[in-house]
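**Student:** Return atomic coordinates for the entry below.
(chains A and B)
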Number of protein chains: 2
Amino acid sequence: MKTANLLGIALWLLLSGVAVAQSAEQAVRAADQAWLKVFAARDVQATTAACAEDASVLAQGFPIATGREAIGKLFGGFFQMPGFTMEWHPTRVEVAQSGELAYTSGTYSDSAQDASGKTVQDRGKYVTIWKKQKDGSWKVQLDIFNSDLPAAP
Amino acid sequence: MKTANLLGIALWLLLSGVAVAQSAEQAVRAADQAWLKVFAARDVQATTAACAEDASVLAQGFPIATGREAIGKLFGGFFQMPGFTMEWHPTRVEVAQSGELAYTSGTYSDSAQDASGKTVQDRGKYVTIWKKQKDGSWKVQLDIFNSDLPAAP
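**Tutor:** Residues are numbered from 1 along each chain as shown, chains lettered A, B, ... in the order given. Down below sits the predicted model:
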């Protein structure tokens, strides 16, 4: 019985560990999709509030933007493009065993109108690094993306 | 004396922890620069061997390349460009407290000759996610980069 109890406890600890890992992964995946929601809604304030204070966004075609003010200016520019739409889907989500560092990665597609009013579409991929904050929330530490489309000749 | 001993032990544990964290960060930084060395030498075999078997490279202008064969084809194409040079410098290196997941991020500059033999220069930034392997080595899990330069109109 003692052995059975110990095995039971070991199994319970193992499954608890798995449950915690799954729950952290789910929390990071939810943070990724919550960020998309405010991004697609062109909400500069909520989009930057999802970033850590010393976060950097590494956008294609722009220098590194570090800090919420710089990130707000960068994303604010995107949000002002007529007909701007954005969606992304994480295909890899991984949380460190220690539970404070994670990343999401996947594909995006966006569109906007150019100066002539023609809709221009883009698709690509991204990596976002997330850090767990003291209050238990996950915030963006680094975000980088690029297009699948070859550069114009 | 007992209190002093306990404080001493606590301090030793704290400093050991800091030393381990520094050492892991140094190991990841060294892996980042070792990867640059074989990349700049256009060594496809060593460049792909530095990647985990299920690694993905998210290169600007290309679809996601997953696995060493696809990554070798992608980088092999880069290495064949006449006059190809590459360097990068990590400005952020962070290792999870659990010591198995890390990232490096920084800036790059590269150059190559175009069809007319003219040298074309590019600069940008990157994020590489590293995972510690069973043998203690660090391998690339994800790598993504993009240019600072605006897309041609």
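
**Student:** For A:Ala34, give me the pLDDT.
**Tutor:** On pLDDT, A:Ala34 comes in at 98.

**Student:** Buried residues of the longest helix belonging to chain A, list them for me.
**Tutor:** The longest helix of chain A (DSSP state H) is helix A:2-40. Across helix A:2-40, burial judged by 16 or more other Cβ atoms under 10 Å in any protein chain shown covers A:Ala24, A:Ala27, A:Val28, A:Arg29, A:Ala31, A:Asp32, A:Trp35, A:Leu36, A:Val38, A:Phe39, A:Ala40. Glycine gets a C-beta too; all of them are placed from N, C-alpha and C.

**Student:** Equivalent analysis for stretch A:134-141, please.
**Tutor:** Buried residues in stretch A:134-141 (16+ other Cβ under 10 Å): A:Trp138, A:Lys139, A:Val140, A:Gln141.

**Student:** which secondary structure elements does the longest helix of chain A contact?
**Tutor:** If contacts are counted by 3 or more Cβ pairs under 8 Å, 6 or more residues apart in numbering or on different chains; DSSP states H and E, helix A:2-40 sits against helix A:44-49, strand A:85-95, strand A:101-113, strand A:119-132, strand A:138-147.

**Student:** how long is stretch A:92-99 end to end?
**Tutor:** 16 Å (Cα to Cα, to the nearest Å).

**Student:** same check, this time on stretch A:54-64
**Tutor:** 12 Å.

**Student:** Distance from that stretch to the middle of the chain?
**Tutor:** Taking the mean of its C-alpha atoms, stretch A:54-64 sits 14 Å from the chain's own mean (Cα atoms, centre = their mean, to the nearest Å).

**Student:** For it, give the mean pLDDT please.
**Tutor:** Stretch A:54-64 comes out at a mean pLDDT of 98.

**Student:** Next, the buried residues of that stretch.
**Tutor:** A:Ala55, A:Ser56, A:Val57, A:Leu58, A:Ala59, A:Gln60, A:Phe62, A:Ile64.

**Student:** Spatially nearest residue to the fourth one, not counting backbone neighbours?
**Tutor:** Nearest residue to A:Leu58 in three dimensions, chain neighbours excluded: A:Ile144, at 3.9 Å (Cβ to Cβ, 6 or more residues apart in numbering or on different chains).

**Student:** What is the burial count for that neighbour?
**Tutor:** 25 (other Cβ atoms under 10 Å in any protein chain shown).

**Student:** and it, what does it touch?
**Tutor:** A:57-59, A:126-128, B:105, B:125-127, B:144-146 (Cβ atoms under 8 Å, 6 or more residues apart in numbering or on different chains).

**Student:** Pick the one among those closest to A:Phe84.
**Tutor:** Nearest to A:Phe84 among these is A:Ala59, at 14.0 Å by Cβ to Cβ.

**Student:** Next, find the distance separating the closest one from chain B.
**Tutor:** As judged by Cβ to the nearest Cβ, to the nearest Å, A:Ala59 and chain B stand 7 Å apart.

**Student:** before we move on, what about A:Gly72?
**Tutor:** Applying Cβ to the nearest Cβ, the value for A:Gly72 to chain B is 19 Å.

**Student:** Thought A:Ala46 was touching that residue, still the case?
**Tutor:** No - using Cβ atoms under 8 Å, A:Gly72 makes no contact with A:Ala46, being 10.6 Å away.

**Student:** For those two, indicate the residue with more neighbours.
**Tutor:** A:Gly72 (19 against 14).

**Student:** Look up phi and psi at A:Gly83.
**Tutor:** Note on A:Gly83: its backbone torsions stand at phi 70, psi 20 [degrees, to the nearest 10].

**Student:** And the pLDDT at it?
**Tutor:** 96.

**Student:** Please name the residues that touch it.
**Tutor:** A:Gly83 neighbours (Cβ under 8 Å, 6+ apart): A:Ser111, A:Ala112, A:Gln113, A:Thr119.

**Student:** and if we set it to 6 Å?
**Tutor:** A:Ala112, A:Gln113 (Cβ atoms under 6 Å, 6 or more residues apart in numbering or on different chains).

**Student:** Against chain B, how distant is it?
**Tutor:** From A:Gly83 to chain B the distance is 18 Å (Cβ to the nearest Cβ).

**Student:** cool, A:Ala34 as well?
**Tutor:** A:Ala34 is 21 Å from chain B, by Cβ to the nearest Cβ.

**Student:** One more: A:Trp12?
**Tutor:** 21 Å.

**Student:** What of A:Asp54?
**Tutor:** Counting by Cβ to the nearest Cβ, the gap from A:Asp54 to chain B is 10 Å.
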